[in-house]
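Colleague: how would this look folded up:
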Amino acid sequence: MVEIDIQISSADLYDYMLMHHYNTAGGIMGSGMGAVCILVALSTQKWIFLIAGILLLLYLPVTLYMKSKQQALLNPSFRQPLHYVLDDTGVTVSQGETSEHQDWDSMVKAVSTSRSIILYTSKYNASIFPRKQLGDQKMALIEVLSTHLPPKKVKIRF
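Modeller: Numbers count the residues shown, from 1 in each chain. Below you'll find the model as predicted:
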């Protein structure tokens, strides 16, 4: 069993959003189209393609940054720390008087970025565990995730 208190910041949300969106078809296609536009601009000297390429490449990171800032400020669940209990039955998240439990069978996957370990509880929702806040519990968290999730659902780099 692992118990962790996590305070999510806008930087943590931004890291999650970048990883999530750049691992979808839309994020990959948008980046690819931006790169193609820049290559076309360099080879044809039609600078409208350069502008289009730069806009395509910058649009997603800029909008995700603004969205993460806004979400961190406006969403009441990010104002107080979340208390996680990961045990043999699943993950329980509580904050104040509210508590929610989810079984391991319903978890989608666990992935990592250089900044966080992310446990997807659905296709679009996740629990974010910033590495800085995990401290010496990082290995215990990885062990619990690796024990209770099938190996194909765990993609965590150290």
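Colleague: For residue 86, list each beta-bridge partner.
Modeller: Taking DSSP bridges, one finds residue 2, residue 91 as the beta-bridge partners of residue 86.
Colleague: Could you pull up the contacting residues of it?
Modeller: Contact analysis of residue 86 by Cβ atoms under 8 Å, 6 or more residues apart in numbering lists 1-4, 141, 144-145, 148. For glycine as for every other residue, the C-beta is placed from the backbone atoms N, C-alpha and C.
Colleague: Check which residues of the helix ranked longest in the chain are buried.
Modeller: For the chain, the helix with the greatest residue count under DSSP state H is helix 47-74. Buried residues in helix 47-74, defined by neighbour count with 16 or more other Cβ atoms under 10 Å: 49-50, 52-53, 56-57, 60, 64-65, 68, 71-72.
Colleague: Now render those as a markdown table, adding pLDDT and distance to residue 105.
Modeller: Supplementary listing: these in a markdown table, determined by pLDDT from 0 to 100; distance: Cβ to Cβ, whole Å:
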| residue | pLDDT | distance to residue 105 |
| --- | --- | --- |
| 49 | 93 | 49 |
| 50 | 93 | 50 |
| 52 | 93 | 45 |
| 53 | 94 | 44 |
| 56 | 91 | 39 |
| 57 | 93 | 39 |
| 60 | 89 | 33 |
| 64 | 94 | 31 |
| 65 | 96 | 35 |
| 68 | 95 | 30 |
| 71 | 92 | 29 |
| 72 | 90 | 31 |
